[in-house]
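In: What follows is a predicted structure for the sequence shown.
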Amino acid sequence: MDKFINWASADYYKKIEKKRRKTFGQIKVRVVPKRFQRFEYEGDYRYGDMHGKGKATFKDGRIYTGDFKNNRITGKGKMVYLRGKILEYEGGFKKGKFDGYGEVKYRNGESWKGWWKNNV
């Protein structure tokens, strides 16, 4: 299923929420939430939220594959970057930031494994 959801509009979101109040399953959407850049999401949803396993492709080219909880990148996953020093990060996330044990691979070939808290 392909759909376009504009979460910047609270009224539209409430309509979606009412329709999906008791629904679970998988969905493929192009999403424009207020706090995010435009991105595409394919994966599990619950009550109209990205929840469970999924894949998000962001406008800047980042690709995240892993766990979502209540519309947030939270749990285990992998983020691949097209720009910057970091090539990829695989490990724990909390509210979209590196959190827990994980490994960063840099473009220069170096890597670092360890514990993260709030991207640090």
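Out: Yep, it's here. Remember, predicted model here, so these are calculated numbers, not experimental data.
In: which residue sits closest to residue 102 in space, ignoring its chain neighbours?
Out: The spatially closest residue to residue 102, leaving aside those adjacent along the chain, is residue 91, at 1.9 Å (Cβ to Cβ, 6 or more residues apart in numbering). C-betas here are computed from N, CA, C, even on glycine.
In: Can you tell me who the one you found pairs with across the strands?
Out: residue 77, residue 102 (DSSP bridges).
In: list the contacts for it?
Out: Residue 91 is in contact with 76-77, 98, 100-103, 116, counting by Cβ atoms under 8 Å, 6 or more residues apart in numbering.
In: swap in residue 73?
Out: Per Cβ under 8 Å, 6+ apart, neighbours of residue 73: 56, 64, 66-67, 79, 93, 95-96.
In: my guess is residue 79 meets residue 89, correct?
Out: Yes: taking Cβ atoms under 8 Å as the definition, residue 79 is a contact partner of residue 89 at 5.0 Å.
In: Pull the residues that contact stretch 93-106.
Out: 66-67, 72-77, 79, 85-92, 111-120.
In: Mind giving me the PyMOL command for buried ones among those residues?
Out: To isolate the buried subset of the contacts of stretch 93-106 in PyMOL, counting by 16 or more other Cβ atoms under 10 Å, use the following:
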select buried, resi 66+67+73+74+75+77+79+87+88+89+90+91+92+116
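In: Could you list which of the contacts of stretch 93-106 belong to strands?
Out: Among those, the ones falling in strands (DSSP state E) are 66-67, 72-77, 79, 86-92, 111-116.
In: I figured residue 81 was touching residue 58, is that so?
Out: No: taking contacts as Cβ under 8 Å, residue 81 lies outside contact range of residue 58: 9.8 Å.
In: Which stretches in the chain count as helices?
Out: 10-19 (DSSP state H).
In: in it, which ranges drop under the pLDDT threshold?
Out: 1-38 (pLDDT under 70).
In: Mind doing that once more with 80?
Out: Where the chain drops to pLDDT under 80, the residues are 1-39, 47-48.
In: Tally up the residues packed near residue 52, please.
Out: 16 (other Cβ atoms under 10 Å).
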